[in-house]
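Q: take a look and give me a structure for this.
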Amino acid sequence: MQIATRQRAGLGTALLSAAAFGTSGAFATALIGSGWSPAAAVTARLLVAAAVLSIPALIVLRGRFGVLAREGRSITGYGVIAIAVGQLCYFNAVARLSVGVALLLEYLGILLVVGWLWLRHGHRPRRLTVAGAAAAMVGLALVLDVTGSHRLDPIGVLWGLGAAVGLAVYFVVSARADTALPPIAMAWAGMAVASLCLVAIGVLGVLPIHANTADVQLLHHRTSWLVPVLGISLVAAVFAYAAGIKAARALGAKLASFLGLSEVLFAVLFAWLLLGQLPGLPQIVGGVFIIAGVALVQWDELRTAESSTAEPSTAEPSTIESSTAEPSTIESNASAGAEASLVRPLVAAAEPERG
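A: All right, here's what the predicted structure looks like:
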């Protein structure tokens, strides 16, 4: 019962997070259309978000700065790989591939989560999960309308796969249930690290960073550049990341990652409302496939949770009492170990080699 309640709450939070992330495309398009570089839009997004989250993060930490030190590796992996490097890889992929193909490659990170847990930890996906994955990826391809002819640059494909690794790390690190770091503090620390990385990238000239204060086109009207900057920072970053971490801790990396696919549907919706970009028939059909895929994974996860709570009924009374006292904690600790060990090699790869 506790598991089902927690998953229902996590489901709503995950959808809200996906909707918030879905606004970033419309806000970023408005900025880029007025002369901002993509790197400048992302850097502004993270800098403002990190600044806004500073006070709430310090409040929830309550002086426990030792937690930041103990979680240093996870924060580094989250900020450098999941946010900064993930964004850098995606922008380089877009420079060589169409946006649709680049985004589809990035969302392969969802399958990386399932595949890695299977190959590395023996968490073999069940048939419903496999069916849900297939339906969701077909739906994603239809929503992105990538059925046309595209020239696949091999370097661009590698950049896209790098973005997929960043996405996978985001879901896995967010899903850790054995950390004492609150979601808001985790989002703040990760954004602060990512901001420093992106600023360094701009200073070194790896990516051009240029912006202006000209008005932008939004909702078919000219408005201040501050509107999309605040939207992409407060809605698509502060709220989206904090809610995403909270949802992933309640649902686990696999289910949270599949629910993250709904971001594409929300992005299409907000592009229609804010920019007047109407979805076509392929997007509608793709949305049906994505919803069906998410529903299959949700059903599979709930069936497993129900069967795991029913097993102790054949045990001794004392065993029943001890094993059912906190079923959500038992499940969280069991999954956290595998998910934490999944991210360690990726975090270690971001750290310099020691001599």
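Q: so where's the stretch 251-355 of the chain uncertain?
A: Scanning the stretch 251-355 of the chain for pLDDT under 70 picks out 253-254, 277-279, 283, 298, 301-302, 304-355.
Q: residue 108: how many residues sit nearby?
A: Neighbours of residue 108 under the rule other CB atoms under 10 Å: 18. (Each C-beta comes from the backbone N, C-alpha and C, glycine too.)
Q: identify the residue nearest it in space, chain neighbours excluded?
A: residue 164 (4.3 Å; CB to CB, 6 or more residues apart in numbering).
Q: local confidence estimate at the one you found?
A: At residue 164, the model reports a pLDDT of 86.
Q: contacting residues around the nearest residue to residue 64 once chain neighbours are set aside?
A: The shortest distance from residue 64 to any non-neighbouring residue, by CB to CB, 6+ apart, is to residue 180 (7.6 Å). Neighbouring residues of residue 180 by CB atoms under 8 Å, 6 or more residues apart in numbering: 64, 67, 70, 71.
Q: mind telling me what element the second one is part of?
A: Think residue 67. Element membership of residue 67 [criterion: DSSP states H and E] is helix 65-70.
Q: how far is that helix from where the chain is centred?
A: Here helix 65-70 is found 24 Å from its chain centre; the criterion is CA atoms, centre = their mean, to the nearest Å.
Q: next one: stretch 55-64
A: 23 Å.
Q: check which residues of that stretch are buried.
A: For stretch 55-64, burial by neighbour count (16 or more other CB atoms under 10 Å) applies to 56, 57, 61.
Q: rebuild the residues you listed as JSON lines, extending it with distance to residue 256, secondary structure and pLDDT.
A: Conversion of those to JSON lines gives the following (distance: CB to CB, whole Å; DSSP: H, G, I helix; E, B strand; the rest coil; pLDDT from 0 to 100):
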{"residue": "56", "distance to residue 256": "22", "secondary structure": "helix", "pLDDT": "88"}
{"residue": "57", "distance to residue 256": "21", "secondary structure": "helix", "pLDDT": "89"}
{"residue": "61", "distance to residue 256": "24", "secondary structure": "helix", "pLDDT": "88"}
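Q: of all those residues, which comes closest to residue 206?
A: Taking CB to CB as the measure, residue 206 lies nearest residue 57 of those, at 28.2 Å.
Q: in space, what's closest to that closest one - neighbours in sequence excluded?
A: residue 188 (3.7 Å).
Q: give the buried residues for the one helix or strand residue 46 maps to.
A: Under the criterion of DSSP H and E, residue 46 resides in helix 38-61. Of all the residues in helix 38-61, those buried under the rule 16+ other CB under 10 Å are 38-50, 52-53, 56-57, 61.
Q: what's the answer for stretch 114-129, then?
A: 114, 116, 117, 123, 125, 128, 129.
Q: ok, now which ones touch the last one?
A: Going back to what we said before, that points to residue 129. 114, 254, 296, 297, 300.
Q: measure the residue nearest to residue 108 to residue 246 for me?
A: Per CB to CB, to the nearest Å, residue 164 is found 23 Å from residue 246.
Q: pull the number of nearby residues for the residue nearest to residue 57.
A: 29.
Q: who's in contact with it?
A: 50, 53, 54, 56, 57.
Q: if we can go back for a sec, can you lay out the buried residues of stretch 55-64 as CSV showing distance to residue 269?
A: Below are those laid out as CSV (distance: CB to CB, whole Å):
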residue, distance to residue 269
56, 28
57, 30
61, 36
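Q: nearest spatial neighbour of residue 90, skipping sequence neighbours?
A: That would be residue 163: by CB to CB, 6+ apart, it lies 4.1 Å from residue 90.
Q: can I assume that neighbour sits in a helix?
A: Yes: assigned with DSSP: H, G, I helix; E, B strand; the rest coil, residue 163 falls within a helix.
Q: can you name the residues that contact it?
A: 86, 87, 89, 90, 93, 102, 105, 106, 109.
Q: OK, contacts around residue 60?
A: 182, 184, 185.
Q: before we move on, what about residue 181?
A: Neighbours of residue 181 in contact, by CB under 8 Å, 6+ apart: 67, 68, 71, 74, 75, 189.
Q: list just the nearest of those residues to residue 21.
A: For the contacts of residue 181, with residue 21 as the reference and CB to CB as the criterion, the closest is residue 189, at 19.0 Å.
Q: now the closest one. Its backbone dihedrals?
A: Dihedral angles of residue 189 (phi, psi; degrees, to the nearest 10) stand at phi -60, psi -40.
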